[in-house]
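S.K.: Sharing a model that was predicted from the sequence below.
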Amino acid sequence: MVLLNRIYTRTGDDGTTALGTGERRPKYDLRIEAYGTVDETNAAIGVVRLHTADMPDLDAMLGRIQNDLFDLGADLAVPEREGKAERLRVVASQVERLERDIDALNDKLAPLTSFVLPGGTPAAAHLHVARTICRRAERVIVELAARPEEQVGAAGIQYMNRLSDFLFVASRAANGHGAGDVLWVPGQNR
C-alpha cells in the first residue's frame, strides 16, 4: 500500500530526484525521462477516458492500461540490481492481455485503404495524441535500455510497443469502428 501524507518534500530543490532504490539522479536523467513520459502517456489516456463513457468495453481496457502504466513507471523507477529483491515488474501476461485487446478491437474494423489522419471523434483524436506520446516513451525506454549500465526489462519495452498499436486500433474503434476515420489522400493539396 502506498501512503502519501505529505506531497512536497523539498528534496528535489537541488535538481535531483530519488529513484525507488533511494539513489538520487538529476531530473534530466534518461531514466527519469523514461518514466516521466510513461506518466505523460497515462495522463493522455485519462483525457481520452473523458470521452469513452458510451464505450464501456474500451473504457475498461483503458482503465486496465492506466494501472499497467503505473506498474511500468514503478518498474522503471527501480532499476534491476543483482542481489536485490525483485520489485514490481511488467510481465509477459500484461503484454499478452494487451494483444488480446488489440485483436478484439481489430476484429470489428474494416481493413484500411490508406493511412489514417489523427481526428474524427474527440475520443479518437485524443487516442492519437496518446499514441504519439506512447511512441515517444517507447523511444526513450529503448534508448535507456541500450545503455550498458542501465537495466530495463524486455516486457516493459514490449508493452509500450503494443500499447501504441492498441491506441491506434482503439482510435479506429472510437471512430465508429473505422467508419469515421479521416484518411490521408496523398498529394491532395498540390
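M.R.: Alright, I've got the coordinates.
S.K.: Buried residues in stretch 71-82, which are they?
M.R.: Residues Asp71, Leu72, Gly73, Ala74, Asp75, Leu76, Ala77, Val78, Pro79 are the ones in stretch 71-82 that count as buried (16 or more other Cβ atoms under 10 Å). All C-beta spots, glycine's among them, are computed from the backbone N, C-alpha and C.
S.K.: Ok, stretch 161-170 next?
M.R.: Asn161, Arg162, Leu163, Ser164, Phe166, Leu167, Phe168, Val169, Ala170.
S.K.: Run a quick neighbour tally on the closest residue to the first one other than its chain neighbours.
M.R.: When the adjacent residues along the chain are set aside, Asn161 lies closest to Glu138, with 5.9 Å between them (Cβ to Cβ, 6 or more residues apart in numbering). The criterion is other Cβ atoms under 10 Å. On that basis, Glu138 has 23 neighbouring residues.
S.K.: what's the answer for the one 3 residues further on, then?
M.R.: Under the neighbour criterion other Cβ under 10 Å, Ile141 is assigned a count of 26.
S.K.: For Ala77, see how far away it is.
M.R.: Distance, Ile141 to Ala77, by Cβ to Cβ, to the nearest Å: 12 Å.
S.K.: ok, now Arg49?
M.R.: 24 Å.
S.K.: now the strands for the protein?
M.R.: 16-18, 24-26, 116-117, 182-183 (DSSP state E).
S.K.: Any chance of CSV for these, columns mean pLDDT, distance to Val152 and mean neighbour count?
M.R.: As requested, these are arranged in CSV below (pLDDT from 0 to 100; distance: least, Cβ to Cβ, whole Å; neighbours: other Cβ atoms under 10 Å):
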stretch, mean pLDDT, distance to Val152, mean neighbour count
strand 16-18, 83, 18, 15
strand 24-26, 84, 15, 13
strand 116-117, 94, 30, 15
strand 182-183, 91, 35, 13
